[in-house]
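Visitor: test case, fold it:
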Amino acid sequence: MKAAIIEKPLSISVRDVEVPRPTRPDELVVKVMASGICGTDVHIFHGEYLGSYPMTPGHEFSGVVVAVGDKVSRFAPGSRVSVEPNISCDNCTACLNNRQNFCENWQAVGVTRPGAMAQFVLAPEKVVFDAGDIPFDQAAFMEPLSCVLHGIESAGIRLGDNVAVIGTGPIGMLLIRTARAGGATRFTVADLSEERLAAARRDGVAEATRDVASLPSDRFDIVIDATGAPPMLSQAIRMARPGGRVLMFGVSPQGKAATIEPFQVFRKGLSIFASYTSRRNSLQALALIGSGKVRVDDLVSHRMPLDSLEAGIRKIEDRGENAMKVMIFPNDEKV
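Guide: Sure, this is the predicted structure:
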């Protein structure tokens with residue numbers, strides 16, 4: 001099969017490798033039908049995130065089961081599935097306290113294990129979910145939406161909340177739509193892209209600006225940073241109302257520091273939350289996608305074959321052609 005392999009930072013090759021087979025009775029093999037490029041993949045491409053090289057990225061994906069181990073009970077060849085990439089041991093102190101996202105023996109498809117930027121991928125049954133009749137490119141949003149749900153739940157969206165979101169890429173839009181589904185009623189956004197701001201306005205956002213510094217101080221019930229840019233933390237603290245909340249959602253580069261004034265956090269009595277991956281949110285995510293309660297289909301801006309993975313990463317980095325979610329189709333060379 002073909003697999004895209006990051007040989008080292010900034011170097012990707014697409015080459016032939018062996019098709020994986022179940023080596024444990026609880027494993028299954030998925031033919032990858034759609035695999036989204038995530039901001040985390042961009043960090044991995046640059047050597048700014050977990051994992052070692054060489055590696056095959058890809059952790060937002062869906063597909064069809066083609067082989068199963070002897071003890072797989074919920075799926076058979078032909079099952080349409082989405083896969084949660086995070087694999088917890090379920091036996092360490094973190095897992096036993098329902099903190100599986102901090103598993104001491106954590107593994108992840110596309111980060112520490114071969115991922116879905118390949119025609120086939122191996123995963124344990126416990127992280128595989130029935131996608132039903134959801135289109136593959138939408139079912140691939142299960143993982144990012146599950147992360148968004150974890151963040152929204154952590155920060156505690158409340159009925160009638162006035163929310164500011166910094167960054168209106170695909171994750172920012174998922175945060176807006178999920179917060180709206182949770183009862184938030186007013187949204188203000190900041191992004192450097194006029195095209196993304198226009199899309200946010202079409203989505204019902206009340207105020208949209210390219211200049212985050214122009215947004216008012218002390219106004220918002222919750223401010224969410226979806227960019228991961230360290231300077232945005234101080235902006236979020238400034239914008240949150242007294243007693244408000246700040247959610248750090250975007251992934252910041254390792255080793256980069258942010259400058260904040262702790263007195264402002266103290267004076268305003270702020271609660272600052274961070275959200276790391278997801279925690280048992282996959283069924284919720286699929287239910288929201290399948291019901292149409294959280295729309296995802298319009299977030300796919302580019303559809304590309306596996307050979308174009310690096311070009312897709314570059315589109316996201318450069319925001320070329322108003323790139324939002326770039327979806328890779330490893331088994332369709334005609335995309």
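
Visitor: okay, now the domains of this structure?
Guide: Domain ranges of the chain: 2-141+296-329, 147-274, per automatic domain parsing.

Visitor: TSV please, covering these and showing mean neighbour count.
Guide: The way it works is simple: take the backbone N, C-alpha and C, and place the C-beta from them, glycine included. Formatted as TSV, the domains of the chain follow (neighbours: other CB atoms under 10 Å):
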stretch	mean neighbour count
domain 2-141+296-329	19
domain 147-274	19
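
Visitor: with Ser234 as the reference, measure out to Val19.
Guide: 49 Å (CB to CB, to the nearest Å).

Visitor: about what we covered before: the domains of the chain: which one's closest to Ala285?
Guide: domain 147-274 (6.0 Å; CB to CB).

Visitor: start to end distance for that closest one?
Guide: End-to-end span of domain 147-274 (CA to CA, to the nearest Å): 11 Å.

Visitor: stretch 120-131 now?
Guide: For stretch 120-131, the end-to-end distance is 17 Å (CA to CA).

Visitor: any idea of the mean pLDDT for it?
Guide: Confidence for stretch 120-131, expressed as mean pLDDT, is 98.

Visitor: ditto for stretch 105-117
Guide: Stretch 105-117 comes out at a mean pLDDT of 95.

Visitor: what's the end-to-end length of that stretch?
Guide: For stretch 105-117, the first-to-last residue distance is 24 Å (CA to CA).

Visitor: over to stretch 290-304?
Guide: Using CA to CA, the span of stretch 290-304 from its first residue to its last is 24 Å.

Visitor: next one: stretch 233-244
Guide: Start-to-end span of stretch 233-244 (CA to CA) is 14 Å.

Visitor: mean confidence for it?
Guide: Stretch 233-244 comes out at a mean pLDDT of 98.

Visitor: contacting residues around it?
Guide: If you take CB atoms under 8 Å, 6 or more residues apart in numbering as the criterion, stretch 233-244 is touched by 164, 166, 212-213, 215-225, 246, 248, 258-261, 264-265, 267-272.

Visitor: check the offset of it from the chain's centre.
Guide: 24 Å (CA atoms, centre = their mean, to the nearest Å).

Visitor: likewise for stretch 100-114?
Guide: 15 Å.

Visitor: poorly predicted segments of this protein, please.
Guide: 50-51, 320, 334 (pLDDT under 70).

Visitor: excluding sequence neighbours, find me the nearest residue to the residue of it most remote from its centre.
Guide: Relative to the C-alpha centroid of the chain, counting by CA atoms, centre = their mean, Arg267 is the outermost residue, at 33.0 Å. Distances taken as CB to CB, 6 or more residues apart in numbering put Pro242 closest to Arg267, at 7.8 Å, once the chain neighbours are dropped.
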